[in-house]
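Structure for this input, please:
(one chain, ligands or ions: 1)
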Amino acid sequence: MAEQLQNYINGQWCASAATDYLDVVNPATCEVLAKVPLSPAHEVDDAAQAAAAAFQTWRRVPAGDRIQYLFKLKSLLEENLDDLSRTITLECGKIYAEARAEMQRAIENVEVACGIPMLMQGDVSEDIARGIDEFMIRQPLGVCAAIAPFNFPGMIPFWFLPYAIACGNTYILKPSEKVPLTLQKVMRLIEQTGLPPGVVNLVNGAKEAVDAILDHPAIRGISFVGSSPVAKYVYSRAAANGKRVQCQGGAKNPIIVLPDADLDSTIRIAADSAFGCAGQRCLAASLMVTVGRAREPFTEAMAEAAKSRVVGFGLDQGVQMGPVINLQSRDRISDLIQQGIDEGATPLIDGRNPKISGYESGSFVRPTLLQDVRPDSRIAQTEIFGPVLGLLHVDTIEEAIALVNSGHWGNMACLFTSSGAAARKFRHEAEAGNIGINIGVAAPMAFFPFSGWKESFFGDLHGQGKHAVEFFTQTKVVVERWFQDWTRQF
Ligand code: NAD
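Down below sits the predicted model:
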């Protein structure tokens, strides 16, 4: 009998009263790893009440003392890096090296949040009028919550959590119901730091738990990462309820290849972007646009890279790409490949229905290349979220930039070139929040905001770095006067 996962509320692990449980599966084998409760709304209420009570004392703990828990958490995450990375591979499918890199990014966010005593400092102006001073101070919001997607179970909650609690907020984490195991382990490490009960809570679940978060009067700030339709829904419902909200959505990321790009490094980097994490990254390249003479050499080389990628279980030696998250996703990706073909694209390499020896029941799709994708076709605009790269061709960099800007997504756009002038033009004109120049996955470091634009982001302040500090604090301005004749002689 697979273990039934618990919630963590007010410093206690507690069984959920849920009537529905979902299987958590290893996508490489479809073996059931655990059962996750679809927690009812009243368990979100329990967590929100615990977090609201804890906030009254936590916000008064000096920032320098609050971050001591984060220093401990950083050490614990490092000591448990191997176990956490294996758990990510088991439940999410990505290969072990990718899972380790993911946790490294999580740790970097903890490190940046350790600078909160300085990052959340305010401003002071003395004598804004004679004898009057004015201050801007930053105070925490209260109870905040994160709703996470499946593809980075260890990293994405850390775009928010360390900043939130370091700024003096209390927190509720709602992991993706597809990959709840990593956060179970992270929560046990958070517990070991000795954080006071109620400061961080974990509620498993899906739509009912999310809706309860969106509607709960005690929850002041919500961070969401997931697909764009759900991001839009979360954004509008939470905002209508008067909450501060930031929602990172889906993507369709183009990479542009100019004829002067270095062939070998471009293909190595671009293939890793398209097929790394089985294409299930919001910063995965999903369209490659060759310009002018780049078409033939880069198409041929990409076909070789796609064919030679070793696909299998992410904990096996030598494997370069794991499965997609589940069988439904495999079938959805296969249907989208067919849709692309029906719309006129040519399957240069068709990765559907692969036979992976020893893992015949797994949810695998091999790298797929669709050639001659039309910019106006549905497949050129639809997020596939699998290892499928569409190939397009234009004659000039101007056309390439126009193509990038014609899409409704805006998460990332990359250019491969050896021309500084072309790079500058692209960086200046491309309409996307994350730009890569000879970089295939332009993921911002923890001290930069994770910037998405257009349909890839709903809100104002992004995750990570200074944006996170602003998101998790509210400014208070104080104008202050003391009359001189009030000075007493003691
Ligand atoms: P998803 O939208 O299906 O789920 C995300 C979260 O929303 C989960 O916690 C889920 O329980 C909840 N949810 C799902 N449907 C809901 C509904 N109808 N009502 C309320 N809550 C609901 O996303 P996913 O499949 O887990 O993740 C993949 C998506 O996330 C992709 O679109 C990817 O591009 C995106 N993503 C974006 C970023 C970014 O930074 N922009 C990063 C990672 C992933």
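
From Ile269, how far out is whichever residue of the chain sits closest to the ligand?
Proximity of the chain to the ligand (Cβ to the nearest ligand atom) peaks at Gly226, 2.6 Å away. Any C-beta I mention is one placed from the backbone N, CA and C, and that applies to glycine too. Between Gly226 and Ile269 the distance is 27 Å, computed by Cβ to Cβ, to the nearest Å.

which secondary structure elements does whichever helix or strand Gln328 is part of contact?
Taking DSSP states H and E as the criterion, Gln328 maps to helix 327-342. Applying 3 or more Cβ pairs under 8 Å, 6 or more residues apart in numbering; DSSP states H and E, one finds that helix 327-342 contacts strand 346-349, strand 368-371, helix 378-381, strand 388-394.

number of nearby residues for the nearest residue to Ala41 once chain neighbours are set aside?
Counting by Cβ to Cβ, 6 or more residues apart in numbering, Ala212 is the residue found nearest to Ala41 once chain neighbours are left out, at 3.7 Å. When neighbours are defined as other Cβ atoms under 10 Å, Ala212 has 24 of them.

Quick one: name the residues of this protein near the ligand.
147-152, 174, 176-177, 206-207, 210, 225-227, 230, 233, 248-251, 282, 383, 385, 411, 450, 452, 456 (Cβ under 6 Å from any ligand atom).

Name only those of the residues you listed that count as buried.
147-152, 174, 176-177, 206, 210, 225-226, 230, 233, 248-251, 282, 383, 385, 411, 450, 452, 456 (16 or more other Cβ atoms under 10 Å).

Low-confidence stretches in this structure?
486-490 (pLDDT under 70).

tell me the domain boundaries of it?
When the chain is parsed with automatic domain parsing, its domains come out as 7-249+456-478, 253-437.

Redo those as CSV? Include distance to Gln484.
As requested, the domains of the chain are arranged in CSV below (distance: least, Cβ to Cβ, whole Å):
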stretch, distance to Gln484
domain 7-249+456-478, 7
domain 253-437, 52
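
which stretch among those domains comes nearest Met1?
Of all those, domain 7-249+456-478 sits nearest to Met1, with 8.7 Å by Cβ to Cβ.

So the residue nearest to Leu389 when sequence neighbours are not counted: helix, strand or coil?
Distances taken as Cβ to Cβ, 6+ apart place Ala274 nearest to Leu389, at 4.2 Å, with adjacent residues excluded. The assignment at Ala274 comes out as helix when based on DSSP: H, G, I helix; E, B strand; the rest coil.

how many neighbours does Ala274 have?
Using other Cβ under 10 Å, Ala274 has 29 neighbouring residues.

go on, Ala301?
When neighbours are counted by other Cβ under 10 Å, Ala301 registers 17.

And Ser39, by the same measure?
A total of 26 residues lie near Ser39 under the criterion other Cβ under 10 Å.

Which secondary structure state does the residue nearest to it when sequence neighbours are not counted sit in?
Excluding its sequence neighbours, the residue lying closest to Ser39 (Cβ to Cβ, 6+ apart) is Gly205, at 3.9 Å. Three states are possible here, and by three-state DSSP the one that applies to Gly205 is coil.

Could you number the chain from 830 rather than 1 from now on?
Shifting the count to begin at 830 puts that one at Gly1034.

looking at it, Gly1034 is touching Ala876, isn't it?
No. Under the contact definition of Cβ atoms under 8 Å, Gly1034 does not touch Ala876, with a separation of 10.6 Å.
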